[in-house]
Structure formats: structure tokens, C-alpha cells
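K.L.:
3D, please:
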Amino acid sequence: MKTQLFSDNELINKFISGDSQAIEVLIHRYKNKVYSYILMTVRDQQLAEDIFQDTFLKVIKSLTDGRYQENGRFVQWVMRIAHNLVIDYFRREKQMNTVSSEKYEYDLFNSQKFSDQTIEDELIDFQITKDLRRLIDELPDDQKEIILMRHYGNLSFKEIADQTNVSINTALGRMRYALINLRKIIKDNKICLTK
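P.N.:
Numbering: from 1, shown residues only. Model (predicted):
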């Protein structure tokens, strides 16, 4: 039987028993999902690759130390590790306040959608994006986390609930309060996020 056909838990057990190929299969199985989430959140390819490597180093260490509980939710566990490493990075670097067009897979200022815009329009768009990221940073951590996961990580509310270990209703509630708080901050500070 080919290694690729084993379940996650079978591969984990094979790895723990000394089969190094088993972890390679697991990494290959989930690399696109994990890497895409990290890249969508940090918007920097080199940084995303570093966090991706750190994620699987932590996975390997946890598995060899016997700290993984078999519950059939391996990918959610890996995504949670990746998410925590991303949050740790943002906390350390406090980079939530700035956005650079270099950190996007496409050039914000060279999109066909904006092809008829003037330089002034482009600068306004950039400032709006920057202001919005700064406002998100002012939210409580649980609300900020939901916004990042939903709008920058493109995760469903079910995936968010699984990764944050809360119910879907709690995740939806946090998003609702995040949007209410953002509106309040915008109104109280008389911030304009439109042209």
C-alpha cells in the first residue's frame, strides 16, 4: 500500500515509529493550504516561507515529543500552529500598522480595475488600506484575529471556529462586535475610508 493512501493518523503513527517519509507525505498533503493561509496573512513571500518552515518544525517537534493528541483533526492543529506563529510575528514586529504594495501578490497600483485612476486616486486607495489596517490593530485580540482570518485568510466561519476552539456562533459574534467596534472607531475619530 502506498504511503500517500494512509490516513493522517496512520502517517503520524508511522512517523513516530521512525518512518521519516510519513511526515513528508503529511507536509506535502497540506502544504498548499497552510502556506496559502500564511501568505494571505503576512503578504510577504519570504516571511511566509519562513513561518511555513517554522510551523512544520514545531509540528515535527510536537509529534516526536508526544504532544499531539489523536483526534482526527491534524490539519486544524497544523493551521492553529501556523496561525499562532503569524500572530506572534505581528506582535513582535507590530507590522499591522503598515501595508506595502510590495507585500501583495499583485501590484495594488497596477491593477486593471484601477487603470483609469490618477496618481492621487492611487494614493488615496493606499491610505485607506493603511488606515483600515491601523484600525483593525486597535480591536481586541479576539476580534482582530477573526477579521484577519476571515478577510485576509479567506477562512470560513467553520474553519475559524475550529482553529480558535470556539463555536461558530461565537466566531460570528466576534465578527459582529469587530465590525461594530470598527464603525464606532471610524465615527468617533471622524475617519473617512472612502474617496
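
K.L.:
Show me which residues of stretch 9-27 are buried.
P.N.:
Of all the residues in stretch 9-27, those buried under the rule 16 or more other Cβ atoms under 10 Å are 11-12, 14-15, 22-23, 25-27. Where C-beta positions appear, they are placed from N, C-alpha and C, glycine not excepted.

K.L.:
Ends of it, what's the gap?
P.N.:
13 Å (Cα to Cα, to the nearest Å).

K.L.:
For the top helix by length along the chain, give me every contacting residue.
P.N.:
If you go by DSSP state H, the chain has its longest helix at helix 20-42. Outside helix 20-42, the residues that touch it by Cβ atoms under 8 Å, 6 or more residues apart in numbering are 3-4, 6, 8, 11-12, 14-15, 45, 48-49, 51-52, 55-56, 59-60, 63, 74-75, 78-79, 82-83, 86, 89, 103, 105, 148, 152-155.

K.L.:
Narrow those residues to just the buried residues.
P.N.:
6, 8, 11-12, 14-15, 48, 51-52, 55-56, 59, 63, 74-75, 78-79, 82-83, 86, 89, 103, 148, 152-153, 155.

K.L.:
returning to that earlier point: out of the buried residues of stretch 9-27, give me the two with the largest separation.
P.N.:
Using Cβ to Cβ, the two most remote members of the buried residues of stretch 9-27 are Lys14 and Ile27, lying 13.6 Å apart.

K.L.:
Could you pull up phi and psi at Leu139?
P.N.:
Main-chain torsions, Leu139, degrees, to the nearest 10: phi -70, psi 160.

K.L.:
can you tell me which residues contact Gln163?
P.N.:
Gln163 touches 76, 79-80, 83, 149, 155, counting by Cβ under 8 Å, 6+ apart.

K.L.:
Check it and give its pLDDT.
P.N.:
Gln163 carries a pLDDT score of 84 in this model.

K.L.:
Same check on Asn13?
P.N.:
At Asn13, pLDDT is 90.

K.L.:
Which secondary structure elements does the helix or strand hosting it sit against?
P.N.:
Following DSSP states H and E, the helix or strand that holds Asn13 is helix 8-16. Judged by 3 or more Cβ pairs under 8 Å, 6 or more residues apart in numbering; DSSP states H and E, helix 8-16 is in contact with helix 20-42, helix 45-64, helix 74-93.

K.L.:
Now do the first one, average pLDDT.
P.N.:
When you say that, I think you mean helix 20-42. 89.

K.L.:
Run the angle between that helix and helix 74-93 for me.
P.N.:
50 degrees (axes from the mean of the first three to the mean of the last three Cα atoms, to 10 degrees).

K.L.:
and the angle for helix 20-42 with helix 8-16?
P.N.:
120 degrees.
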